[in-house]
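Peer 1: Show me the folded form of this:
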Amino acid sequence: MKPLLRILALVILITLVALAWWVWGRAGKGDADLTLYGNVDIREVELAFRQPGRLESLMYEEGARVHQGDLLAELDARPYRDALAAADAAYRRAEAELEKLRRGNRPQEIRRAEAEVNLFAALEKRLAAELKRQKELAASAFASQQELDKIHADYDEAVAGLLMAQQTHSLLREGARAEDISAAEASLAAAVADRDQAQTALDDTRLIAPADGIIMSRVLEPGSMVTSQTPVYTLSLPDPVYVRVYAAEPQLGQVAPGTPVRVTTDSSSQVYQGHIGFVSPKAEFTPKTVETTALRTDLVYRLRIIIPKTDEGLRQGMPVTIQVLGPAATPAGPGS
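Peer 2: Down below sits the predicted model:
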């Protein structure tokens with residue numbers, strides 16, 4: 001009986017060990033089903049002016065933290081202020097010209113033209129009567145043909161003057177032509193565009209931080225002449241942190257966007273929480289910079305890991321280890 005009991009006990013022991021091994025293996029897979037390796041992305045912005053000029057001042061040194069909207073540097077703005085003043089004067093002139101055309105002629109000018117019409121009308125009436133009288137005298141031989149011809153010429157002159165005065169009066173009452181007003185409106189629109197462009201150029205003499213970040217390099221110093229797009233600062237964007245990782249095709253089922261991950265480094269025991277934000281739809285050959293246990297030439301897919309909350313422990317370019325959490329895993333608290 002004793003050998004049989006020993007065999008039975010041995011079978012039970014082997015069964016328990018196998019069960020414990022299976023349970024331990026399942027727990028291990030649930031905690032971190034997949035381990036990947038990658039690097040913290042280098043996210044930098046080269047900051048430059050859109051306008052050329054002389055660099056007047058720089059407000060920050062390398063290593064300084066800046067916030068979105070902070071003033072970083074300024075150009076000498078005097079030429080741009082002068083250009084804005086000239087554009088503003090041209091705008092006011094175009095605006096006045098348009099207003100003048102829309103309002104029409106002054107009442108005094110219209111009354112003067114009306115008075116000229118009355119004057120020539122009276123003159124024409126008087127000369128018409130004189131011409132009639134001279135014709136009667138000439139018929140009775142009491143007036144010479146020369147006098148009759150002179151009165152006739154004066155009368156024709158008065159008629160022409162009356163017609164001209166009437167046309168002038170009509171034009172003054174009618175005001176500017178619609179085509180002239182349209183042309184003045186177009187000139188005003190061009191002046192507005194020139195003034196806005198000059199204002200934009202003046203605003204561009206101030207270099208503003210586009211986002212929160214750290215000044216990595218200060219390229220120029222005050223007094224330097226810069227052209228448009230000449231880098232002045234290099235700004236590092238630390239938040240959020242992006243990690244570049246590559247996964248093989250068989251691993252794609254475990255790296256869907258939104259999957260939580262844990263990120264660790266070789267320099268500390270800090271664990272950072274993140275998630276997969278992007279999976280490339282296109283395969284590529286394994287880059288030589290990928291940190292893996294065995295470099296292979298198989299096709300891989302690029303992933304982007306997003307870590308929204310971090311600290312100084314994650315620096316750009318740093319190699320990191322990523323554990324993709326399985327369904328049974330329980331993520332630790334932020335920064336744990």
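Peer 1: going forward, measure contacts and count neighbours with C-alpha atoms only.
Peer 2: Noted.
Peer 1: helices or strands next to the strand or helix carrying L47 in the packing?
Peer 2: For L47, the host element (DSSP states H and E) is strand 44-48. The contact analysis (3 or more C-alpha pairs under 8 Å, 6 or more residues apart in numbering; DSSP states H and E) places strand 44-48 against strand 231-236.
Peer 1: just how off-centre is the strand it packs on within its chain?
Peer 2: The chain centre lies 19 Å from the centre of strand 231-236; the measure is C-alpha atoms, centre = their mean, to the nearest Å.
Peer 1: re earlier: orientation of the strand holding L47 relative to strand 231-236 in degrees?
Peer 2: Interaxial angle, strand 44-48 versus strand 231-236 (axes from the mean of the first three to the mean of the last three C-alpha atoms, to 10 degrees): 160 degrees.
Peer 1: After strand 44-48, which helix or strand is next?
Peer 2: Sequence-wise, the next helix or strand beyond strand 44-48 is strand 53-58, with elements assigned using DSSP H and E.
Peer 1: which intervals of the stretch 101-250 of the chain have sub-threshold pLDDT?
Peer 2: 138-139, 141-143, 148, 171-172, 174-176 (pLDDT under 70).
Peer 1: where exactly do the helices run in the stretch 151-300 of the chain?
Peer 2: Ranges of helices within the stretch 151-300 of the chain are 178-203, based on DSSP state H, counting those that start in this stretch.
Peer 1: list the buried ones in the strand holding L47?
Peer 2: By 16 or more other C-alpha atoms under 10 Å, the buried positions in strand 44-48 come out as 44-45, 47-48.
Peer 1: With stretch 269-285 instead?
Peer 2: 271-279.
Peer 1: what mean pLDDT does it have?
Peer 2: Mean per-residue pLDDT for stretch 269-285: 85.
Peer 1: got it, and stretch 253-264?
Peer 2: Mean predicted lDDT for stretch 253-264 stands at 88.
Peer 1: ditto for stretch 60-76
Peer 2: Stretch 60-76 comes out at a mean pLDDT of 94.
Peer 1: So what touches it?
Peer 2: If you take C-alpha atoms under 8 Å, 6 or more residues apart in numbering as the criterion, stretch 60-76 is touched by 53-59, 205-218.
Peer 1: helices or strands up against the longest helix seen in the chain?
Peer 2: When the chain is parsed with DSSP state H, its longest helix is helix 107-139. Contact here means 3+ C-alpha pairs under 8 Å, 6+ apart; on that basis helix 107-139 packs against helix 145-174.
Peer 1: other SSEs contacting the helix it packs on?
Peer 2: Going by 3+ C-alpha pairs under 8 Å, 6+ apart, helix 145-174 lies up against helix 107-139.
Peer 1: Going by neighbour count, list what's buried in the helix it packs on.
Peer 2: Buried residues in helix 107-139, defined by neighbour count with 16+ other C-alpha under 10 Å: 110, 113-114, 116-117, 120-121, 123-124, 127-128, 130-131, 134-135, 138.
Peer 1: residue contacts, A211?
Peer 2: If you count contacts by C-alpha under 8 Å, 6+ apart, A211 has them with 67-69, 237.
Peer 1: Right, I'll call it a day here.
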